Structure formats: structure tokens, C-alpha cells
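Asks: Next input, structure requested:
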Amino acid sequence: MYVALHGHSRREVGPAASNTTRRRVRVGIARFTSEKRLLHGSGTHHWRDSRIGRGTATQTARPPDGGDGLVLCKLAYLLPRRDGTAMGQRSDAKQKMVQAAKQLIRERGYNATAFSDVLKLSGAPRGSVYFHFPGGKTELAIEAAAAHAHEQVETIDRAAEQADSAARLIEIYVELGRKGMVASDYTRGCGIAPLVNEGAAQESNEVAEASRQSFAEITDRLTYHFVAFGLERPPARTLANAVIAGIEGAMVTARAQRSPAPYDAVQTALTHYAAGLSPRNSGRQRG
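Replies: Okay, the predicted model is just below:
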């Protein structure tokens with residue numbers, strides 16, 4: 001039997017309770033266990049029967065085997081907010097911090113991005129910093145780089161859906177980068193390069209590997225689509241590397257010049273080069 005206190009009313013929910021209700025109980029207890037707010041007893045986060053107290057009140061929760069335990073719970077983590085979302089959703093708060101870090105690293109660089117800036121932009125509570133990122137700024141930067149790579153892969157996939165050739169894919173992808181740079185008023189850089197350029201990758205093997213892997217994911221995705229458009233794998237890989245190198249350089253020089261001209265130059269040169277490659281067959285290969 002699940003027991004939850006909502007306001008001043010006591011609500012009992014039996015076996016017919018929705019999975020959402022049951023999940024809130026489990027997630028709430030698991031969260032406090034993870035935060036080391038467990039006062040006594042082991043395995044609390046696996047208990048399916050519990051009493052949830054409001055505010056900072058404590059309630060005794062006994063597991064099915066009859067063992068003793070005490071867990072400090074706040075109902076705010078278990079019941080929905082007025083906007084319909086559950087409080088204490090770790091993935092939501094963490095994701096906001098990762099996205100904020102990615103934005104700040106792209107605009108300011110790695111060294112100039114502080115946790116306080118990330119908290120301010122994301123709106124996350126200060127206590128969530130080392131809860132979500134026990135490895136500190138390094139761990140946050142690694143997650144931000146991965147998020148940047150994921151975003152670029154999605155952009156490449158969308159561009160590929162609109163393209164009918166490798167050259168056209170490059171044209172669309174570079175144009176999207178150009179538009180993003182102009183829209184940001186020439187403040188948006190790369191979410192990965194600062195980790196390498198500013199020494200973080202030299203100081204941490206984990207950051208170095210994350211940087212390498214993030215760039216590799218973007219390059220691999222371009223290669224995949226170029227092959228699907230008929231290119232042999234070796235020239236497809238070479239072209240993908242050239243596209244990434246060209247765009248990375250365009251980001252730097254466009255910001256310095258406050259002009260989209262570098263993107264235009266990269267687009268012209270690479271689409272011309274791609275058009276000159278002999279495809280092994282015509283049309284896009286699906287699979």
C-alpha cells in the first residue's frame with residue numbers, strides 16, 4: 001500500500017494505483033538515498049511500501065521483510081507542480097545545466113564558464129551542482145561536448161533529408177551554421193573546440209577522449225550520409241573531415257570579422273569539391 005500526504009489530506013493508493021503514482025514514490029525515495037539523506041537502513045530505494053511526509057517531517061518506512069529504516073522525504077519531490085511536471089526530476093535539472101554549459105562554452109569558452117554562470121542561466125539550485133556532476137566542471141564540460149555533438153548529428157540528419165547529393169548536403173549544413181552565427185550576432189562558437197584550445201584536454205585524459213569522440217561522432221555521421229549519396233568510403237571520410245575543419249575555421253574567422261563571408265567561402269569550395277567526386281552510383285542508398 002502506498003500512502004501519500006497531499007496538503008492536509010491523507011491519500012491511500014492500493015494495487016490499482018497508476019504507474020505514475022508508484023514511480024513518484026520510488027523515484028522520490030531513490031533521490032534522497034542518492035543524496036545520502038538516508039538516515040538509517042539499507043536498500044531503502046528498493047522499498048515499494050512507504051510513508052511520505054510533507055515538508056521536512058520524517059516518516060518511518062519499513063521494507064517488506066520487516067527491517068527498520070528511516071528516510072527523510074519532502075513531498076515536493078513526489079507530487080506534481082502546478083505546471084504538471086514532477087519536482088526533483090534529476091534528468092530535467094541536469095539537462096538544463098548541460099544545455100546552459102554548452103551555450104556558455106560556445107559563447108565564452110571553457111575557462112570563462114563558471115558553475116555560477118551555469119546555475120544562473122539554467123535556473124538550477126546551487127545544491128544540484130555536485131549532485132549531478134560529482135566530477136565538477138570537467139564532468140559538466142564533457143557532458144556539454146557530448147550534447148553539442150548530438151545536436152550536430154541531428155542537424156546533419158535533418159539536412160540529409162532535404163538533400164539529394166553530398167554536395168547539396170554540404171550546402172545545407174554550412175548554410176545552417178551560417179544562419180546560426182548571424183542570428184547569434186557572431187557570438188556562437190563550437191561546444192567542443194574550447195576544451196582543446198584552452199588546455200582542458202591536456203589536463204584531463206577524460207576531456208581529451210570526450211573531445212575526440214565528439215568530433216568523431218559528427219564526422220562519422222557526415223561520412224555515413226556521403227556514402228549513402230554514392231561516394232566511396234575513403235573519399236567520403238576525407239570530405240567529412242574537410243567539412244568539419246572548414247566549419248570550425250569559419251566559426252572563428254566569422255566571429256573575428258563579424259561577417260558570414262568565411263561560411264560562404266567554405267560552402268563554395270567544398271560543394272565544388274564534392275560535386276567533382278565520382279559517385280559509385282546515382283541516388284541515395286537507404287538502409
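Asks: In contact with Gly109, which residues?
Replies: 189, 194, 197-198 (CB atoms under 8 Å, 6 or more residues apart in numbering). C-betas here are computed from N, CA, C, even on glycine.
Asks: no, scratch that, I was asking about Tyr273
Replies: Going by CB under 8 Å, 6+ apart, Tyr273 touches 239, 242.
Asks: Which one of the contacts of Gly109 is nearest to Thr238?
Replies: Asn197 (23.9 Å; CB to CB).
Asks: Export the contacts of Gly109 to JSON lines and append columns for pLDDT and distance to Ala256.
Replies: Output for these, formatted as JSON lines (pLDDT from 0 to 100; distance: CB to CB, whole Å):
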{"residue": "Gly189", "pLDDT": "94", "distance to Ala256": "11"}
{"residue": "Pro194", "pLDDT": "93", "distance to Ala256": "15"}
{"residue": "Asn197", "pLDDT": "88", "distance to Ala256": "14"}
{"residue": "Glu198", "pLDDT": "88", "distance to Ala256": "17"}
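Asks: Let me have those residues in CSV, extended by neighbour count.
Replies: Formatted as CSV, those follow (neighbours: other CB atoms under 10 Å):
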residue, neighbour count
Gly189, 21
Pro194, 25
Asn197, 16
Glu198, 16
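Asks: which among those gets closest to Val153?
Replies: Of those, the one sitting nearest to Val153 (CB to CB) turns out to be Gly189, at 18.3 Å.
Asks: mind showing which ranges of the stretch 151-287 of the chain have poor pLDDT?
Replies: Applying pLDDT under 70 to the stretch 151-287 of the chain flags the ranges 278, 280-287.
Asks: Can you show me the helices along it?
Replies: Along the stretch 151-287 of the chain, the stretches classed as helices by DSSP state H, counting those that start in this stretch are 166-183, 193-197, 200-203, 205-228, 233-257, 261-276.
Asks: Ser122 is nearest to which of those helices?
Replies: helix 193-197 (18.6 Å).
Asks: Which secondary structure elements does the closest one sit against?
Replies: helix 90-108, helix 205-228 (3 or more CB pairs under 8 Å, 6 or more residues apart in numbering; DSSP states H and E).
Asks: Let me have those in TSV, adding distance to Asp185 and mean neighbour count as columns.
Replies: Supplementary listing: the helices and strands packed on helix 193-197 in TSV, determined by distance: least, CB to CB, whole Å; neighbours: other CB atoms under 10 Å:
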stretch	distance to Asp185	mean neighbour count
helix 90-108	10	19
helix 205-228	24	19
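Asks: Present these as CSV; the columns should include distance to Ala163.
Replies: Compiled in CSV, the helices and strands packed on helix 193-197 are given as follows (distance: least, CB to CB, whole Å):
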stretch, distance to Ala163
helix 90-108, 25
helix 205-228, 8
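Asks: So for Val182, which of the ones you listed sits nearest?
Replies: Among the helices and strands packed on helix 193-197, helix 90-108 sits nearest to Val182 (CB to CB), with 14.8 Å.
Asks: Keeping just the C-alphas, turn that closest one into PDB.
Replies: The C-alpha trace of helix 90-108 is given here as PDB (Å, rounded to 0.1, in the frame of the first residue of the first chain):
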ATOM      1  CA  ARG A  90      17.000  14.700 -11.900                       C
ATOM      2  CA  SER A  91      17.200  14.400 -15.700                       C
ATOM      3  CA  ASP A  92      15.400  17.700 -16.200                       C
ATOM      4  CA  ALA A  93      17.600  19.700 -13.900                       C
ATOM      5  CA  LYS A  94      20.700  18.000 -15.200                       C
ATOM      6  CA  GLN A  95      19.700  18.500 -18.800                       C
ATOM      7  CA  LYS A  96      19.100  22.200 -18.200                       C
ATOM      8  CA  MET A  97      22.600  22.600 -16.700                       C
ATOM      9  CA  VAL A  98      24.200  20.700 -19.600                       C
ATOM     10  CA  GLN A  99      22.400  22.900 -22.200                       C
ATOM     11  CA  ALA A 100      23.400  26.100 -20.300                       C
ATOM     12  CA  ALA A 101      27.000  24.900 -20.100                       C
ATOM     13  CA  LYS A 102      27.000  24.200 -23.800                       C
ATOM     14  CA  GLN A 103      25.700  27.600 -24.600                       C
ATOM     15  CA  LEU A 104      28.200  29.400 -22.400                       C
ATOM     16  CA  ILE A 105      31.200  27.400 -23.600                       C
ATOM     17  CA  ARG A 106      30.200  28.200 -27.200                       C
ATOM     18  CA  GLU A 107      29.900  31.900 -26.300                       C
ATOM     19  CA  ARG A 108      32.700  32.400 -23.700                       C
END
